[in-house]
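structure of the sequence below:
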Amino acid sequence: MKEQLQDLKEIRQMMERSTKFLSLSGLSGISAGVIALVASFIAWQMRPESVAEVIYDGSQYKPLLNGDYIWSLVYLGLATIVLALAAGFFFTWRKAKKKQSPMWNKTSRRLLVSLCIPMVAGAFVIVSLLINEVYWIIPELTLVFYGLTLVNAAQHTYRDVFYLGISELAVGVIALFISGYSLLFWALGFGILHIIYGVSMHLKYERGK
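The predicted structure is shown next:
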């Protein structure tokens, strides 16, 4: 009976390896989280004494966010993405090499497509908001679209990615209803949640292997 159960377990693992990309590294999540926390700290240090100017549109006074500060945050965000992706690629490549598993195959291509669809859609939405100077909602929407991206991609990799996506989505949605704490929620979503996910992945799938 034990031998039959072991055989079934091995068959299940073989089927999973053929249909899911299992070279994602927990260290990728940890590094992404640390980079995001550093970026959040830099953004906090960059903030001017007043990030808004008051304008009169003919009917009432409205705050106008400082454009220079906003674009500094955009550049910081882009740098954060590039660094996080580079670190993620390195640790994933290292894990795949250790397991003697190819990084680029049919499964990884499906994973990439699933990642790109909501991510590209979110990028267009955010660019349109920047063009129209609707800044306040952008940090929250990055969390929402990132959560949707992970949920969509989870079908091709570890189930843990799905739970991370739901968590990111929840943080983003909550942030939409609580104004004035965008940077804090951004640090929580991209920083703390990534580190928790990365540590969990490392302990569950990589430690001692």
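
low pLDDT regions in this protein?
1-22, 48-67, 208-209 (pLDDT under 70).

quick one: the helices in the protein?
Taking DSSP state H, the helices of the chain run over residues 2-19, 26-46, 67-98, 106-131, 138-153, 159-176, 182-186, 193-201.

with distance to residue 207 and mean neighbour count added, can I get the ones you listed in TSV?
Bear in mind the C-beta positions are built from the backbone N, C-alpha and C, glycine included. TSV is the format used below for the helices of the chain (distance: least, CB to CB, whole Å; neighbours: other CB atoms under 10 Å):
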stretch	distance to residue 207	mean neighbour count
helix 2-19	18	10
helix 26-46	9	19
helix 67-98	12	15
helix 106-131	24	15
helix 138-153	23	22
helix 159-176	14	19
helix 182-186	29	19
helix 193-201	10	20
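
quick check: residue 148 touching residue 166?
No - Residue 148 is beyond contact range of residue 166, at 10.0 Å (criterion: CB atoms under 8 Å).

check contacts around the residue nearest the centre of the chain.
With distances taken as CA atoms, centre = their mean, the chain has residue 146 as the residue nearest its mean C-alpha position (5.2 Å). Taking CB atoms under 8 Å, 6 or more residues apart in numbering, we find residue 146 in contact with 119, 122, 165, 168, 172, 189-190.

now, the most widely separated pair of these?
The distance between the two most remote of these (CB to CB) is 15.1 Å, for 119 and 189.

residue 181 touches residue 174, doesn't it?
No - judged on CB under 8 Å, residue 181 makes no contact with residue 174 at a distance of 9.8 Å.
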